[in-house]
Structures are given as C-alpha cells and as structure tokens.
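Undergrad: Okay, predicted coordinates and the sequence, questions at the end:
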Amino acid sequence: MYLIKQSPFRAAVLFAALSLAATAVAFAAGSINDGAVTSGAAVHGDLHQQHGSTAGHLPATSLNVQLVGKMNINQDFEGRVADVGVFGNYAYLAAFAERDCQKGGVYVFDISNPAAPKQINFIRTNNNSFVGEGVQVIHLDTPYFNGDLLIHNNEICDVTQTGAIGGLSLVDVTNPKVHKYLARGVGDFTPLLATGQSGEPIAHEIHSAFAWDVGDKAYAVIVDDQEAADVDIMDITDPRNPLLIAEYNLAQRFPQIVQAGLSEVFLHDMVVKKIGSRWMMLLSYWDAGYVILDVTDPLNPIYKADSDFTNPDPEALAQRGETVVPEGNGHQSEFSLNNDYIVAADEDFAPEGVNGTNTDDGTTFRTALGSDTPPLPAGVTSYQSVFVGRACPGDPAVPPATGPGQLAVVERGLCLFTEKLASVDGAGGYAAVLIFNREGNDPENAPCTGAFAMTVAGNTPTVGVVPRDAGLAIFDLPYDNAACRDANLQLAPITIGTVGDSITLQPFYDGWGYVHLFKNGAGKLKELDTFAISESMDAAFSINFGDLSVHEVAMSEKRNDLAYLSYYAGGFRVLKIVGQGNNTRLEEVGRFIDQGGNNFWGVQVWQSGNKEYVLASDRDYGVYIFEYTGP
C-alpha cells in the first residue's frame, strides 16, 4: 500500500506518516501525522484510493488469462479492500480503513468452488484500527496449539480514539466460519505512541507480518512502523501468549545494505522460506533494496545478500532513452520455486519529480509534486521566493503575493499540509508553494534533513518537503544539524514576508514503480532484468489512467519461470523468466483488466486439485480468481 520518500530529495508516495484525512497521531516531540510520506506507516494512505489521485483507467484487456470467478465484498464503497491471503479452500481479504476506520478487519471467502466464491465471515479488528498488508494463514502445530492460525497486522487511524490497537493479532480459524481471537494487538510496547483513551498501553502499529512454523517453535516477523529498529521478531509458539524476542535495525547491523544516495532505509515487507536446511528471510527494505538473512536462529540473523538499485534507472533508459537516478522503493519480493531467482516489486506513486535550483547560490535539490495539486509549468520556471511562515490555523496570516511569479516558502510543522496550502490559497497570488522541513528529534517523521513527498490538496502547485538546510539557505541562514535535532522545537528565525533567493523548478517524468529480476546468491545480488508495463513509462499516462505502479508479486508454486503481479490500475499481469545466463529476462505472457478497470492490491497463488489458480484483491470490489492459460 501506504508513506514515502524514495531517495535523497526525490519521493514516491508510498507506502505509507499515515495520511488518513485529518486524523492526528501523537508522536514524539509533539509532531503530528501531517501528510508526510516518509516511512512504513504511510505507504498505503489516501493515495491508494481508486486510481489514486487521478480518474479513469486503462481499457479492458485479456491475454492468456482466464477469469475463473469473482465476488464483491458485502460493502459497496471504494478503497475498502487491501491485501489477500489464501489457505485451504478459503481466501482472506484485509479490510482497510475506508470509510471511517470503524470496521477494519478480515473478510473470509469460501473459494471451494472457484467459479462462485462467497463471503462466509468477517473478522473485525478494533475500531480506529485497520488491516493492510499483513494477512496470512498457516497451519501451526506446536506443543501449545494445533490448528489454522490467521496472522494480521494492525494500523491506527487515531491513537486517541477508543479501542485503537497496533501490533499483531492472532486468530484461530481452524473453522473459518467461527473464528476465535487468541491474541490482539501484541508487539513492541516501547512508549512511542500515546496510550489509548483508557490509559492502556498500545503496541506500535505494524505494516506487515509473516509467520513460519519450524516444528516445536513458531515465529512471526513484523514491520514496526514507529522506530528504526523495525524488524521485530515474535515467538508465537504459544499463540495465546506471543513474545517479542528480538528487534533489529538492519542499516546499523548490516551497513553494507545501504546504497549511497538513497536515504529512506526501512522495512516494508518480507517472506520467510526454508531453503535446504536453513530458514531464509527475504526483506524488502525500501531504499536499501532487497535483503536476504539466514534466520534459522532468529536471535542471531546472518547476512547473506542484498541488492543495489541500478544507476541510471534501467526502465527510464530503455523505454524513454533518459538518464534518471534510481529512486529505491523496494516494496515486496519472493523467491522463485527453485530459489534460483528473486522477483521484486518497487512501488512508486510519484511518476513526476521536480528538480529545484537556488540560482543565487547554485545549490540544487530534488523533490516531488504534492499528491492533489495542479502541475507545475513544463520546462524551467524561475520564481521569487517569499517566506510566509508555518501557515497553520491560528498562526500569523499569510501575506498575499505582491507580484507575479512568487513562490510561497512554508515551514513544515504543527498542522496538515493541506491546511497550510489552504492558508496560501486564501492569501492569493502565489504561482507555486515550496515546503521545507521543521526541527525535531522524532526520526520516524524524518525532520531536519528529511526530504519526501506529501499528501496535500489545494489550488496551487506545491512541492516539497525539501531538507531544512536547503530551506534556510533560501534566506541565507546557516544550518546546525545538532541544534535542529534538539527536543526543543524552534521555528525558523525568518520574518514573514521576507523575500529570499530566486528558485527555479523543473518538473520531469520518471515513471511508476516496476519489477526487478535478480539471480539469487550471496553478497550483492546480480540484477538480470527489469520490467515495466509500457504505459507506466509514458508521460501521456501520468494522469487519468489510475495508479500504474506494480504492487506485489506471487511466484508460481508449479513452475520456476512464472511470476504473477498485482499492478493496481495496470491490472493483473503474468511474467515469464526466459533465456539463460546474462540473457535471462522477463517477458509479459499474460494480462487481465476487467471492463471498467481494476485496482489490484494483493496477489496470491492457490493450488486446488491439479490446477494453479491466482487470487487478486481489487481495492474497490473484492476477490478475483484467475488461471493462467499460456505457454
């Protein structure tokens, strides 16, 4: 789904701070969830509505894919469905935050007749919490429990509201029609979030989860959205009493995974698979790439391999002949059937970036256009900067522009970006808006030198957030990083209305998220090929055709050469691994987009009889069941 800056000074709306309208989550240092797209908590926010922040869809199409069956959920509003899991003859669809975050949970479908799936249960999580990426069912056989166990994540709309929970929940679904919660909202209780309305502690919200059974013991890995030690391991051997046993910051523990020039380093998703006699964890670690750890002993993980993002970006070079720096955005990945390949999905919701230059001092920065604001003029446009303050309700009024071509420079902090833009729009006359970062000691919200995209709506082109040092430089002020990260937040010492340096902004197109093929191995993984649907690399499809980023991959459980993809408005796609050695590549061999378009989030393989089916979750509908019929 949800939050995200994707490279230094370039961003892609991910990924999941969770930008669910105007709800505010209390973080350290008094900051709020202002619409910043900076971490695992925000990857799947408002921009994952039907077709994102645009309208329309690609035309219906089908190639080597049979639609076996489909069924809508029993609620008819958009954006309701998130991930999908499958076990036995049952599918489990995550219920996202839409419409008012009061009915998050998991839909259960009987798919024993794949041509006629039917909903048989709904497993609710707590009000003011919801389920997104982490839906999985496994059979658990330990001394404490023998049965089918549903694992789901919990994310939070508003921690101050009644009942909100984070962490992991474990549910007995041995009888999927009659579920029983064994544990709710367990995980890391380090007090980063405020307590609930009744004063009870709340576990950190988590974006995804994955469980595995090793015999007498069982474990789950969860994505901690609230701190840099975001790889949390839980012992779920007794699912009624799960225990947090380890947490890791991989950038610190294995610094070789960090790629120069890419700075948003956090866990987004992961799978664990037994390969030979060892349990291998494949982690999608955003700007750090795809990481393989041996977790046979989860208390002592061993580094095996990781990937780097190819520079220049291979898809921009191949499809448009343009040299573009890579963005990162490692979202989700899986091993192939025989474990010799890895197919990985980068998620990127910002196909258009912005190059900025302070023409007075020659410094440059990269950023992204706000999610729901007008585009910048094509080409290079020069602006005269004017500081207009923090621009929050109750702050000193934003002065109106005094001439054409003025850029309103706004300081991040206190309120939502949309509220800031409303203040600028109300003042009138500004050609564009630039937001620079605030002070703070809350790393999960990327203050100070953080740079990222924004969820923001308004009538004026808006870019940012740019690092605080770049913002202060516009007004010829020095920057002290240690002082910026002090707990005592200070506003920039700039008088409202101060005219600063001249700034040029140049929008550019760099495409949506796409697919990577790696050769599995040790050390730095070898990238064999990449794949993007052609529309996702064509600026003509940047608006009015929905989100054209890949989201997830599921590898065939019958063939080593097939990968199934959920591609949001790009539909359901099937790729085949062809060739050998350095000529190994990805070819599209199947696709499906329904009449009226699709918005696929999750994809999972399901074996029934001698056939392999693929389940896909449509955000605005429910479950689809496909069969690949090609070679």
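TA: Cool, the structure landed.

Undergrad: residues contacting W279?
TA: W279 makes contact with W212, V214, V272, K273, D294, V295, T296, according to C-beta atoms under 8 Å, 6 or more residues apart in numbering. Where you see a C-beta, it was placed from the backbone N, CA and C, and this is true even at glycine.

Undergrad: Sitting in strands, which of those residues do you find?
TA: With strands defined by DSSP state E, the entries of those inside them are W212, V272, K273, D294.

Undergrad: if I look at the first one, how far off is D141?
TA: In this view, W212 and D141 are 12 Å apart by C-beta to C-beta, to the nearest Å.

Undergrad: Give me the more crowded residue out of these two.
TA: When neighbours are counted by other C-beta atoms under 10 Å, W212 and D141 differ, and W212 comes out ahead with 21 against 13.

Undergrad: count of residues packed around the residue lying closest to the more buried one once chain neighbours are set aside?
TA: Ranked by C-beta to C-beta, 6 or more residues apart in numbering and with sequence neighbours excluded, the top spatial neighbour of W212 is V272, at 4.5 Å. Taking other C-beta under 10 Å as the criterion, the count of residues near V272 is 19.

Undergrad: tell me the pLDDT at V272?
TA: Among the per-residue scores, V272 holds a pLDDT of 98.

Undergrad: Isn't it up against M280?
TA: Yes. When contacts are counted by C-beta atoms under 8 Å, V272 is listed as touching M280 (7.0 Å).

Undergrad: tell me, what's touching the two both at once?
TA: Taking C-beta under 8 Å, 6+ apart as the contact criterion, the residues that touch both V272 and M280 are V295.

Undergrad: Now D395: closest residue in space, sequence neighbours ignored.
TA: G389 (5.7 Å).

Undergrad: low-scoring stretches of the stretch 51-200 of the chain, by residue?
TA: Counting by pLDDT under 70, the low-confidence segments of the stretch 51-200 of the chain come to 51-55, 76, 192-198.

Undergrad: next helix or strand past the biggest helix by length in the chain?
TA: Scanning the chain for the helix with the most residues, using DSSP state H, yields helix 417-427. Scanning the chain past helix 417-427 towards its C-terminal end, the next helix or strand to appear is strand 432-436 (assignment: DSSP states H and E).

Undergrad: Mind checking what helix or strand follows that next one in sequence?
TA: Using DSSP H and E, the next helix or strand after strand 432-436 towards the C-terminus is strand 453-454.

Undergrad: neighbour-wise, which of the contacts of W279 leads?
TA: Scoring the contacts of W279 on neighbours with other C-beta under 10 Å, the highest-scoring entry is V295 at 24 neighbours.

Undergrad: coming back round to it: now the contacts of W279 as CSV including distance to A97?
TA: Compiled in CSV, these are given as follows (distance: C-beta to C-beta, whole Å):
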residue, distance to A97
W212, 28
V214, 34
V272, 27
K273, 30
D294, 36
V295, 31
T296, 37
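
Undergrad: Quick one: low-confidence residue ranges for this structure.
TA: 1-33, 36-55, 76, 192-198, 443-444.

Undergrad: May I have the longest strand that it contains exported as PDB, CA atoms only?
TA: With residue count as the measure and DSSP E as the assignment, the chain has strand 499-509 as its longest strand. Listed in PDB are the C-alpha atoms of strand 499-509, where the atom choice follows Å, rounded to 0.1, in the frame of the first residue of the first chain:
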ATOM      1  CA  VAL A 499      12.000  38.000   0.100                       C
ATOM      2  CA  GLY A 500      14.600  35.300  -0.400                       C
ATOM      3  CA  ASP A 501      16.700  33.900  -3.300                       C
ATOM      4  CA  SER A 502      15.500  33.100  -6.700                       C
ATOM      5  CA  ILE A 503      14.400  29.500  -7.200                       C
ATOM      6  CA  THR A 504      13.900  27.500 -10.400                       C
ATOM      7  CA  LEU A 505      11.700  24.500 -10.600                       C
ATOM      8  CA  GLN A 506      11.700  22.000 -13.400                       C
ATOM      9  CA  PRO A 507       9.300  19.100 -13.400                       C
ATOM     10  CA  PHE A 508      10.400  15.800 -15.000                       C
ATOM     11  CA  TYR A 509       8.800  12.400 -15.700                       C
END
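
Undergrad: Check which helices and strands the next helix or strand after it sits against.
TA: Downstream of strand 499-509, the next assigned helix or strand under DSSP H and E is strand 515-519. For strand 515-519, the contact count by 3 or more C-beta pairs under 8 Å, 6 or more residues apart in numbering; DSSP states H and E identifies strand 341-346, strand 526-531, strand 585-593 as packing neighbours.

Undergrad: now what about the second one, what contacts it?
TA: Strand 526-531 is contacted by residues 307, 310, 314-315, 318, 341, 514-519, 575, 582, 584-586, 588 when judged by C-beta under 8 Å, 6+ apart.

Undergrad: Just want the angle from it to strand 585-593.
TA: 30 degrees (axes from the mean of the first three to the mean of the last three C-alpha atoms, to 10 degrees).

Undergrad: And strand 526-531, what's buried?
TA: Across strand 526-531, burial judged by 16 or more other C-beta atoms under 10 Å covers E527, L528, D529, T530, F531.

Undergrad: That one vs strand 341-346, what angle?
TA: For the pair strand 526-531 and strand 341-346, the angle between their directions (the same axes, to 10 degrees) equals 50 degrees.

Undergrad: next SSE after strand 526-531?
TA: Moving on from strand 526-531 towards the C-terminus, the next helix or strand you reach (DSSP H and E) is strand 552-555.

Undergrad: partners of that following strand in the sheet?
TA: Counting by DSSP bridges, the strands paired with strand 552-555 are strand 562-566 (antiparallel).
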